[in-house]
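Enquirer: got a predicted model here, sequence first, then my questions.
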Amino acid sequence: MTTEPDFRTPALDALAQQVIPREHFVFSAETARDHFFNDTRMLDAKQWVHNAFRTNPKSMVDHMIDNLRLAGGEDLLDLGCGNAFILEHLRPHLATGSITGLDIAPAVLTAAADRLRGTATPCTWIEGSADDLSMLDADAFDRVLANYMIHYVPDLDRCFTEVRRVMRPGGIFHLTTDRPDSMLEMYDVHFTALRAMNAPEHLFKATPKGRLSLDNGTDLLSPYFDDVEKVMWQDQLRFTEPGPFMEFYRVGHNHCCASSEPDQRLDEAFFAELRGRVREQVVAAIAAYGYFAVTKVTGTFLCR
Ligand SMILES: C[S@@+](CC[C@H](N)C(=O)[O-])C[C@H]1O[C@@H](n2cnc3c(N)ncnc32)[C@H](O)[C@@H]1O
């Protein structure tokens, strides 16, 4: 039997108390559709780094496969399916089932369709928002996924009511999100740099996943489902060179959301200085410890 690695230390927990702001960023579905996911660059940067630099031998997809308990013939709906990176891995476990991917952003939906084109599992791609599933029949799916996307959905009440409607009795709604202090070291170097630059106060906010995180998700989901089980796992990304981390920070995370929306007060010189200051800290950590660590605390709500 393998045990899950535990990377969190009392020192990291204490640091989290100091570093992670209470208020979190909030982004609209339109911003997600028109800015973050109008191409696949953000998803590509994240997926590459989360996989190539992980130290937990079990990947995110391995954890999902455990959680989903697929027999092979299930009908699966993926809300906010992105470029189908996850679906590509799940597909062989649905050899006699079906896949329906729904996403608000046409660009990533096209990438998803291209990725799974020609595979034996029937796939349907729907452009739409996860809080309007009116195009889908009741009791149509055995599994419904919402991975790292629920914080963008405008109407959570309508979304969960709709998920309940389209999910068959005995099905599983699999919602994956983070704890607000996941990737703490990235936020630490980011906020340290912002403070040194006397940056505007509105940039000192936590991840938008704070809207429905591993901390508050049980309370938010319980009114809609009979049983809500939380399954957590950790990972630690380790970077021995600054380049891949800086790509992850700039493209994958829009400088911890500081560059997520156009802001005339923040020009390219501001972000160049910010990256320089973040990079300095990453280089210093690599010199001191051999690598720069980014500790993830992530997980899934299994709702039945
Ligand atoms: C961080 S990505 C996650 C993609 C995929 N689930 C994964 O984990 O690789 C978030 C996705 O949610 C989509 N999205 C944002 N708001 C949405 C909404 N209201 N309804 C459906 N999809 C949405 C985005 O276009 C994007 O593809």
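Expert: Received the coordinates, thanks.
Enquirer: look up how far residue 238 lies from the residue lying closest to residue 251 once chain neighbours are set aside.
Expert: Excluding the flanking residues, the one nearest residue 251 by Cβ to Cβ, 6 or more residues apart in numbering is residue 45, at 4.2 Å. Backbone N, C-alpha and C define where each C-beta goes, glycine included. According to Cβ to Cβ, to the nearest Å, residue 45 stands 17 Å off from residue 238.
Enquirer: one more: residue 85?
Expert: As for residue 85, its distance to residue 238 is 21 Å (criterion: Cβ to Cβ).
Enquirer: so for the two, which sits in the more crowded spot?
Expert: Legend: neighbour count by other Cβ atoms under 10 Å for residue 85 and residue 238, higher for residue 85 (23 against 17).
Enquirer: and the more buried one, what does it touch?
Expert: Each residue near residue 85 by Cβ atoms under 8 Å, 6 or more residues apart in numbering is listed here: 43, 47, 115.
Enquirer: the second one sits in which helix or strand?
Expert: With elements taken from DSSP states H and E, the one containing residue 47 is helix 41-52.
Enquirer: how about the stretch 151-300 of the chain: which residue is closest to the ligand?
Expert: residue 152 (3.3 Å; Cβ to the nearest ligand atom).
Enquirer: count the residues that sit near the closest residue to that residue other than its chain neighbours.
Expert: Excluding its sequence neighbours, the residue lying closest to residue 152 (Cβ to Cβ, 6+ apart) is residue 32, at 4.6 Å. By the criterion of other Cβ under 10 Å, residue 32 has 24 neighbours.
Enquirer: by contact count, what packs against the lowest-mean-pLDDT helix or strand in the chain?
Expert: Lowest by mean pLDDT, DSSP states H and E among the helices and strands of the chain is helix 29-31, with a mean of 90. With contacts taken as 3 or more Cβ pairs under 8 Å, 6 or more residues apart in numbering; DSSP states H and E, helix 29-31 sits against no other helix or strand.
Enquirer: who in this protein is up against the ligand?
Expert: 29, 32-33, 37, 79-82, 85-86, 102-105, 108, 129-130, 147-149, 152-153 (Cβ under 6 Å from any ligand atom).
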